[in-house]
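# what follows is a predicted protein model with its sequence.
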Amino acid sequence: MIFWKNKKVLVTGGAGFLGSCVVEKVKEKGVSEENIKIPRSKDTDLRRWEKCVEVVKDADIVIHLAAKVGGIGYNQKYPATLFLR
């Protein structure tokens, strides 16, 4: 656990279903809440290179879980949207 203690951790997708569980595990490893950064898609477009470079700045550990996803209904209604954005 000492490894994680003073690290700055970036968790893309950290507000989602899977990501929120991962963030809790990171906290259990001893990382303080202020050292966990969770970028939101409404604020940071990770499809743009310069935004990726900006968001990983100062991060010691990056856990990439961000994705454009939906449930079965969303997938059926917008089949191409998940792949073409």
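Received, thanks.
# ok, longest helix in this structure?
helix 17-28 (DSSP state H).
# identify all contacting residues around the helix or strand following that helix.
Moving toward the C-terminus from helix 17-28, the next helix or strand (DSSP states H and E) is strand 36-37. Strand 36-37 is contacted by residues 8-11, 14, 23, 26-27, 55, 59 when judged by C-beta atoms under 8 Å, 6 or more residues apart in numbering. Quick note: C-beta positions are derived from backbone N, CA and C, even for glycine.
# swap in stretch 39-53?
With C-beta under 8 Å, 6+ apart, stretch 39-53 has contacts from 10, 12, 15, 54-55, 66, 85.
# tell me which residue is most central in this protein.
Among the residues of the chain, the one closest to the centroid is residue 12, at 1.2 Å (C-alpha atoms, centre = their mean).
# which stretches of the protein have low pLDDT?
Per-residue confidence for the chain (pLDDT under 70) gives these ranges: 1, 82-85.
# the strands in it, which residues?
With strands called from DSSP state E, the chain shows them at 9-12, 36-37, 61-64.
# what would the ones you listed look like in a markdown table with distance to residue 73?
Compiled in a markdown table, those are given as follows (distance: least, C-beta to C-beta, whole Å):
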| stretch | distance to residue 73 |
| --- | --- |
| strand 9-12 | 25 |
| strand 36-37 | 31 |
| strand 61-64 | 26 |
